[in-house]
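1. Quick one: sequence and predicted model below, then my questions.
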Amino acid sequence: QGYLIYVVFASAFILAFLGFVPGLFISLGLYNLAESAIFIPMPMSTSKILMVFGLISGMCAISGLLAIQKLRAANPADMF
């Protein structure tokens, strides 16, 4: 069961990273578009990027914990 917990958390953090990277590039592009349209500087600071990544990682960890609780409550005979 320890291996399954590892797989759940590893997949959760892989999904967090794979969702964060394209979102970061899209948001950087939108920030540049907004800056050029309204002529007001809107910097994307490193603290914002790290905060969003931390929040995404936290949400994926909570999701993994909920999945593990369902995994522990499941009857192994029902899975097959």
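-> Received the coordinates, thanks.

2. in this structure, which residue is closest to the centre?
-> The geometric centre of the chain, computed from its C-alpha atoms, lies nearest to Ala16 (CA atoms, centre = their mean), at 2.8 Å.

3. helix or strand for that residue, which one?
-> helix 2-38 (DSSP states H and E).

4. Next secondary structure element downstream of that helix?
-> Following helix 2-38 toward the C-terminus (DSSP H and E): helix 46-73.

5. mean confidence for that next one?
-> In this model, helix 46-73 has a mean pLDDT of 91.

6. Distance from the chain centre to that helix, please.
-> 6 Å (CA atoms, centre = their mean, to the nearest Å).

7. helices or strands up against that helix?
-> helix 2-38 (3 or more CB pairs under 8 Å, 6 or more residues apart in numbering; DSSP states H and E). (Each C-beta comes from the backbone N, C-alpha and C, glycine too.)

8. counting contacts, what elements does the helix it packs on pack onto?
-> With 3+ CB pairs under 8 Å, 6+ apart as the test, helix 2-38 has helix 46-73 packed against it.

9. Now do the same contact list for the nearest residue to Leu15 once chain neighbours are set aside.
-> Counting by CB to CB, 6 or more residues apart in numbering, the nearest residue to Leu15 once its immediate chain neighbours are dropped is Cys60, at 6.2 Å. Going by CB atoms under 8 Å, 6 or more residues apart in numbering, Cys60 touches 12-13, 15-16.

10. quick one: which two of those are the most distant?
-> By the measure CB to CB, Phe13 and Leu15 form the most distant pair in these, at 7.3 Å.
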